[in-house]
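1. no letters, just coordinates:
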């Protein structure tokens with residue numbers, strides 16, 4: 001009985017590994033298919049859509065068909081959101097480059113608020129795609145809700161960041177797995193953490209509505 005349990009768990013684990021590798025390859029191919037700057041956002045939405053279904057126990061979802069349909073359906077909207085965030089990221093990047101060229105008190109005074117804004121930007125980015133696939137909102141609301149959810153559930157956000165760092169260390173230690181799990185494993189951890197945040201918020205809303 002115990003042997004069958006171990007075999008079953010091992011099989012499930014291997015199945016997850018294969019699915020994550022397949023999903024990662026699809027993300028790379030579809031991102032390249034959109035010449036990266038047009039393909040990354042819809043490919044990421046498609047990837048997170050499937051991960052969300054898996055975490056909601058819909059593990060038999062047809063991976064390729066779901067990925068392709070989501071990619072096509074969300075191509076325009078996800079790119080609009082992606083480009084807004086890319087522009088914000090570029091603005092912060094050039095602000096940092098400018099601060100390097102100045103010195104003294106100005107650099108010190110400006111670097112602290114810029115660092116805070118950058119941290120908040122990364123927190124928003126961490127939740128952006130999970131929020132996108134979990135809720136049906138207007139464009140600006142995805143950004144606002146990602147920010148609010150990340151701040152309200154700061155303990156989960158910190159845990160997500162810690163796990164992300166650990167995954168980065170894993171990739172550095174075993175670079176051979178990067179082509180197969182670079183995005184999918186990281187995204188799975190992010191989606192799992194975000195789902196916990198969503199559950200907490202929805203449970204609180206349910207209690208307040210009673």
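-> Right, received. Where do you want to start? The shown structure was predicted, so the numbers you read here are calculated from the model rather than taken from an experiment.

2. residues making contact with stretch 170-185?
-> Stretch 170-185 has contacts (CB atoms under 8 Å, 6 or more residues apart in numbering) with 20-21, 23-25, 27-28, 44, 47, 51, 167. Using the backbone N, CA and C atoms, a C-beta is placed for each residue, glycine as well.

3. next: stretch 131-150.
-> With CB under 8 Å, 6+ apart, stretch 131-150 has contacts from 45, 48-49, 52, 77-78, 80-81, 84-85, 120, 123-128, 157, 194-195, 197-198, 201.

4. now, of those residues, which are buried?
-> 45, 48-49, 52, 78, 81, 85, 123-128, 157, 194-195, 197-198 (16 or more other CB atoms under 10 Å).

5. restricted to helices, list those.
-> When these are checked against helices (DSSP state H), the matches are 45, 48-49, 52, 78, 81, 85, 123-128, 157, 194-195, 197-198.

6. low-confidence ranges in this protein?
-> Judged by pLDDT under 70, the chain has its weakly predicted residues at 1-9, 210.

7. count of neighbours near residue 133?
-> Using other CB atoms under 10 Å, residue 133 has 22 neighbouring residues.

8. now do the helices in the chain.
-> Under DSSP H, the chain gives helices at 2-33, 40-55, 63-73, 75-101, 104-134, 139-152, 154-173, 178-181, 184-209.

9. run through who's touching stretch 84-103.
-> For stretch 84-103, the external contacting residues (CB under 8 Å, 6+ apart) are 107, 110-111, 114, 117-118, 121, 124-125, 128, 139, 143.

10. same thing but 10 Å
-> 37, 40-41, 79, 106-108, 110-111, 114-115, 117-118, 121-122, 124-125, 128, 139-140, 142-143, 146 (CB atoms under 10 Å, 6 or more residues apart in numbering).

11. list the buried residues in it.
-> Neighbour-count burial for stretch 84-103 [16+ other CB under 10 Å]: 85, 92, 99.

12. will you turn these into CSV that also has distance to residue 68?
-> Below are the buried residues of stretch 84-103 laid out as CSV (distance: CB to CB, whole Å):
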residue, distance to residue 68
85, 24
92, 34
99, 43
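
13. ok, of those residues, which one's closest to residue 16?
-> Relative to residue 16, the closest of the buried residues of stretch 84-103 is residue 85; by CB to CB it sits at 29.3 Å.

14. thinking again about what came up before, out of the buried residues of stretch 84-103, which one sits closest to residue 63?
-> Of all those, residue 63 sits closest to residue 85, with 26.2 Å by CB to CB.

15. measure that closest one to residue 91 for me?
-> Here the criterion is CB to CB, to the nearest Å. By it, residue 85 lies 11 Å from residue 91.

16. what do you get for residue 67?
-> Using CB to CB, we find residue 67 at a distance of 31 Å from residue 91.

17. same question for residue 188.
-> According to CB to CB, residue 188 stands 30 Å off from residue 91.

18. residue 185 too?
-> Remark: distance between residue 185 and residue 91 (CB to CB) = 30 Å.

19. so what's the residue count around the closest residue to residue 66 other than its chain neighbours?
-> Setting aside the residues directly before and after it, residue 66 is nearest to residue 50 in space (CB to CB, 6 or more residues apart in numbering), at 5.7 Å. Number of residues near residue 50 (other CB under 10 Å) recorded here: 26.
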